[in-house]
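Student: got a predicted structure here, sequence first:
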Amino acid sequence: MKARNYRRVKGIPYVRTEYIHGAPQPKIAKFTMGQLSESHTHRVSLLARKRVQIRHNALEAARIAANRYLQRKLGKNFFLRILLLPHVVLRENKMIFGAHADRLQDGMRKAFGKPVGRAARVEPDQPVAEVYVEKAGIEVAKEALRRAGAKLPTPYRIVIEELEKPSLEVKAVAG
């Protein structure tokens with residue numbers, strides 16, 4: 001199974017987990033990291049440029065890459081949020097190739113597939129992750145999101161916004 005097979009958004013999402021037996025749990029462990037503080041004055045966001053599906057293990061790899069860099073450079077003086085929830089269940093019709101494999105596969109007969117993973121569907125310019133930092137940490141946050149974007153199967157852009165009322169806006173977003 002290759003991840004590139006699941007990048008394209010096609011068909012309706014397969015999400016009704018009450019009917020899906022054996023659907024794997026998402027690998028992403030935490031969606032928020034760091035310390036939420038009233039002193040955060042800027043929001044740095046990672047936006048996807050194309051319509052794509054992002055697998056749960058790619059989201060987890062991006063989260064780990066960004067969090068590790070932010071912790072090393074800023075300590076706990078940041079707040080990182082992953083904004084996507086991988087809820088679309090991916091299926092694979094497993095085919096076995098090689099000697100004597102002809103008895104184990106039926107080709108396209110009953111080819112609905114078994115659940116193999118999860119993904120989040122992303123639209124163009126939809127935020128994938130965001131980091132709240134003070135003015136001194138903007139460059140570190142940009143580099144952290146650049147490292148996270150390298151793990152994702154889509155081109156991305158990084159947007160920096162200054163928060164007008166940091167104490168109210170950050171609490172409203174986090175709460």
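Tutor: Structure received.
Student: the longest strand in the protein is where?
Tutor: strand 114-122 (DSSP state E).
Student: count the neighbours of Gln105 for me.
Tutor: Per other Cβ atoms under 10 Å, the neighbour tally for Gln105 reads 13. All C-beta atoms are positioned from the backbone trio N, CA, C, and that covers glycine.
Student: just checking, it touches Asn93?
Tutor: No - the criterion here is Cβ atoms under 8 Å, and Gln105 misses it with Asn93 at 9.0 Å.
Student: residues making contact with the next helix or strand after the longest strand of the chain?
Tutor: Later in the chain than strand 114-122, the nearest helix or strand by DSSP states H and E is strand 127-133. Contacts made with strand 127-133 from outside it, assessed by Cβ atoms under 8 Å, 6 or more residues apart in numbering, are listed as 36-37, 40-48, 54, 59, 62-63, 66, 70, 74, 77-84, 122, 140-141, 144-145, 148-149, 152, 156, 163, 170.
Student: just the buried members of those?
Tutor: 37, 40-48, 54, 59, 62-63, 66, 70, 74, 77-82, 84, 122, 140-141, 144-145, 148-149, 152, 156, 170 (16 or more other Cβ atoms under 10 Å).
Student: out of these, which are inside helices?
Tutor: 59, 62-63, 66, 70, 74, 140-141, 144-145, 148-149, 170 (DSSP state H).
Student: tell me the one of these nearest Lys27?
Tutor: Distances from Lys27 to those, taken as Cβ to Cβ, are shortest for Leu59 (7.9 Å).
Student: got a pLDDT number for the spatially most central residue of the chain?
Tutor: Closest to where the C-alpha atoms of the chain average out (Cα atoms, centre = their mean) is Leu59, at 3.1 Å. For Leu59, the pLDDT comes out at 96.
Student: just Met1 next, same as before
Tutor: 57.
Student: returning to what we had before: mind putting the ones in helices among the buried ones among the contacts of strand 127-133 into CSV with distance to Val128?
Tutor: Listed next are these as CSV, based on distance: Cβ to Cβ, whole Å:
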residue, distance to Val128
Leu59, 8
Ala62, 7
Arg63, 10
Ala66, 10
Leu70, 15
Leu74, 20
Val140, 18
Ala141, 14
Ala144, 13
Leu145, 9
Ala148, 8
Gly149, 8
Val170, 19
